[in-house]
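K.L.:
3D model of this:
(one chain, ligands or ions: 1)
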Amino acid sequence: VIMEEVDEDLKKCQPVEDFVGVADFCATEDNQLSFTTGDRLRVHDRTSPEWWWAELYGLFGYVPSSYVRPCIDEEDVDDAWQDEEYFGSYGSLKLHLEMLSDKPRTETYREVVLSNRHCLEGRVVMDLGCGTGIISLFCARLAEPAAVYAVEASPMADQTRELVTRNGCQSVVSVFKGRVEELALPGKVDVLVSEWMGNCLLFEFMVESVLLARDRWLKEGGMMWPSSAALSLVPCQAEEEYRRKIVFWEKPYGLDFSCLKSLAQKEFFSKPKFSHEMKPEDCLSAPCDVLTLDMHSLQIPDLEKLKGEFCFRVEKSGTFHGFAAWFSVQFQSLDEVGPTLELNTGPHHPLTHWKQTLLMLDSPVFLHQGDSLSGMILLHRNPVWRRHMTLSLHWTIRSTQDSEACKTGQKSFPMWR
Ligand SMILES: N=C(N)NC/C=C/[C@H]1O[C@@H](n2cnc3c(N)ncnc32)[C@H](O)[C@@H]1O
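P.N.:
So this is what the prediction gives:
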């Protein structure tokens, strides 16, 4: 009787999205989902009192409801920004080496400072998330700002102070160690420069910190660098990826492993593939900007749900394995007449450390030249895990061969929770 009451109560209360495994569970049927104690499961449907349909790292299956508990206690919510892990990762040189080695990225920021050096004279600049301080050093060495506030939350800030002194910039550059959300700076700034872009532009959601810093520290009429950002999308073929991850199972070493193809499908294609290097010829059509963000007017609540439309005309027949996504950012000149500079991380531009993101379909579709592929994209920020989002795509293919036939499709890609 007691268990029945508990189940009834559970059903009545709001279905708490996340549950935590309280014991190891080993699946005995292939529609069940194995997990270990502490795993965070996303319960999608309480199919029966005993078995619930849940998801773990993109894999789906039934789990015994008695093996999980609701994950609503305080500590889980505090962990929402995963700051320990996030700033810890930026405390080591690995990521900074990768970013500094990215010449298109670093040289674009240097070019922005150089081409605006006259207007920067006597101005106050904030470099948010300065890392090793490279952008702050460009400002101090290539222009003559009155002051540069280099803000960095990770332990790297201690090294950055040393780098500023070693490069003779200590009279201009001040390093502030801490999260910008918690720092008191000497005053407002004329320019807020930051390299905040994550995979698919928004992953990591450092952009929220940039907007908060803008609202708190940027003078009226001040400049945001980047001043705007765009997310681009293109339907593409990914023959190599499909062959390596799916076709592989058909006959490895002469054996028939094809029954593993559906598992491989779920495991490898449920989530986006970051750092996928596309070739321009993989594009089946011209790319299009599905989202454009104006960094002077964008508001933090806008980040929860961002929606874009697209319509592609297939320029050459080929296999539509999935979509590729990437971003570009633009830097308005400080004087109205100067050129707007751009960093574009797409397949038609010099390769950067972000490369592109590949979003594979569950099953490839052959497209003919002249076909149209239109639809919408939704970036839905994770309400619990604040650095994560889910990217959903809905599309319709209209074939020129037979006009009435049209195929529709949809798929959601969690990044990562
Ligand atoms: N471009 C990519 N992918 N990563 C962004 C770059 C992230 C850098 O900015 C710092 N950072 C991120 N958020 C904050 C914040 N709220 N306050 C101070 N520093 C911060 C991180 O520690 C990294 O060094």
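K.L.:
of all of this structure, which residue lies closest to the ligand?
P.N.:
In the chain, the residue found nearest to the ligand is Gly129; the distance is 2.3 Å by Cβ to the nearest ligand atom. Where C-beta positions appear, they are placed from N, C-alpha and C, glycine not excepted.
K.L.:
Once you drop chain neighbours, what's closest to that residue?
P.N.:
Nearest residue to Gly129 in three dimensions, chain neighbours excluded: Ser194, at 5.5 Å (Cβ to Cβ, 6 or more residues apart in numbering).
K.L.:
now Gly318
P.N.:
Per Cβ to Cβ, 6+ apart, closest to Gly318 is Gln237, 4.8 Å.
K.L.:
cool, and Val112?
P.N.:
Per Cβ to Cβ, 6+ apart, closest to Val112 is Phe331, 4.5 Å.
K.L.:
So what's the residue count around the one you found?
P.N.:
When neighbours are defined as other Cβ atoms under 10 Å, Phe331 has 25 of them.
K.L.:
Surely it touches Met224?
P.N.:
No. Between Phe331 and Met224 there is no contact under Cβ atoms under 8 Å: 9.2 Å.
K.L.:
quick one: the residue of the chain closest to the ligand and Val151 touch, right?
P.N.:
Yes. Under the criterion of Cβ under 8 Å, Gly129 makes contact with Val151 at 6.9 Å.
K.L.:
what residues are up against the residue nearest to Gly318?
P.N.:
282, 284, 318-321 (Cβ atoms under 8 Å, 6 or more residues apart in numbering).
K.L.:
related to what we said a few turns ago, report how many residues lie close to the residue nearest to Gly129.
P.N.:
Neighbour count for Ser194, taken as other Cβ under 10 Å: 24.
K.L.:
now do Pro104
P.N.:
15.
K.L.:
hang on, it packs against Leu343?
P.N.:
Yes. Here Pro104 reaches Leu343: they are 6.6 Å apart, a contact under Cβ under 8 Å.
K.L.:
what residues are shared contacts of those two?
P.N.:
Thr352.
K.L.:
quick one, phi psi at the residue nearest to Val112?
P.N.:
For Phe331, the backbone dihedrals (degrees, to the nearest 10) come out as phi -120, psi 100.
K.L.:
Need phi/psi at Ser115.
P.N.:
According to degrees, to the nearest 10, Ser115 has phi -80, psi -10.
K.L.:
how close does it get to Glu342?
P.N.:
Per Cβ to Cβ, to the nearest Å, Ser115 is found 12 Å from Glu342.
K.L.:
Kindly report the same for Gly21.
P.N.:
From Gly21 to Glu342 the distance is 46 Å (Cβ to Cβ).
K.L.:
did I read that right, Glu162 in a strand?
P.N.:
No. Read with DSSP: H, G, I helix; E, B strand; the rest coil, Glu162 is helix and lies in no strand.
K.L.:
Return the list of helices and strands in contact with the helix or strand encompassing Phe413.
P.N.:
Using DSSP states H and E, Phe413 maps to strand 406-415. Applying 3 or more Cβ pairs under 8 Å, 6 or more residues apart in numbering; DSSP states H and E, we find strand 406-415 packed against strand 356-367, strand 389-398.
K.L.:
Give the helix, strand or coil label for Leu192.
P.N.:
Going by three-state DSSP: Leu192 is strand.
K.L.:
what's it in contact with, if anything?
P.N.:
Taking Cβ under 8 Å, 6+ apart as the criterion, Leu192 is in contact with 125-126, 128, 210, 213-214, 217-218, 222-225.
K.L.:
residues near Arg216, how many?
P.N.:
12.
K.L.:
What segments of the stretch 51-200 of the chain are helices?
P.N.:
For the stretch 51-200 of the chain, applying DSSP state H, counting those that start in this stretch gives helices covering 74-78, 83-89, 93-101, 103-115, 117-120, 134-142, 156-166.
K.L.:
Up against the ligand, what does the stretch 51-200 of the chain have?
P.N.:
Contact residues (Cβ under 6 Å from any ligand atom) of the stretch 51-200 of the chain with the ligand: 87, 90, 129, 131, 151-154, 156, 179-181, 195-198.
K.L.:
Tell me the most packed of those, by neighbour count.
P.N.:
Within these, most neighbours by other Cβ under 10 Å means Glu152, with 28 neighbours.
K.L.:
so it bridges to which residues?
P.N.:
For Glu152, the beta-bridge partners under DSSP bridges are Lys177.
K.L.:
where does Gln330 land in three-state SS?
P.N.:
Using three-state DSSP, the structure places Gln330 in strand.
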